[in-house]
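Student: Okay, here's the prediction I keep looking at, along with the sequence it came from:
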Amino acid sequence: MNPEDFYYSPEGYIIFTEKYHLKRGYCCKSGCKHCPYGYNKKTGLFDKKSQK
């Protein structure tokens, strides 16, 4: 993993960046903070009409 793929939260958790998600190429449906695909974990739907 490259340094631009993630950062650590104040609590010590790894937070993946939008760049990482785009390189991975799909949504894992975990409700990630920087999800470029627009997945909403509360509704189980994709909120954004166009995916990047």
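Tutor: Thanks, I have it.
Student: Give the burial count for Tyr39, as a bare number.
Tutor: When neighbours are defined as other Cβ atoms under 10 Å, Tyr39 has 19 of them. The C-beta positions use only the backbone N, C-alpha and C, and glycine is treated the same way.
Student: The nearest residue to it once chain neighbours are set aside sits in which helix or strand?
Tutor: Excluding its sequence neighbours, the residue lying closest to Tyr39 (Cβ to Cβ, 6 or more residues apart in numbering) is Cys27, at 5.0 Å. Here Cys27, judged by DSSP states H and E, is contained in no helix and no strand.
Student: tally of neighbours for Cys27?
Tutor: Residues within reach of Cys27, counting by other Cβ under 10 Å, total 16.
Student: where's it relative to Lys41, distance?
Tutor: 11 Å (Cβ to Cβ, to the nearest Å).
Student: Could you pull up the residues touching the most centrally placed residue in the chain?
Tutor: Residue closest to the mean C-alpha point of the chain, counted by Cα atoms, centre = their mean, is Cys35 at 2.9 Å. Listed by Cβ atoms under 8 Å, 6 or more residues apart in numbering, the contact partners of Cys35 are 18, 21, 27.
Student: next one: phi and psi at it?
Tutor: When read as degrees, to the nearest 10, the backbone of Cys35 gives phi -60, psi 120.
Student: ranges for the helices of the protein?
Tutor: Along the chain, the stretches classed as helices by DSSP state H are 18-24.
Student: What is the neighbour count of the residue lying closest to Met1 once chain neighbours are set aside?
Tutor: Nearest residue to Met1, sequence neighbours excluded (Cβ to Cβ, 6+ apart): Tyr20, at 7.6 Å. With neighbours defined by other Cβ under 10 Å, the count for Tyr20 comes to 18.
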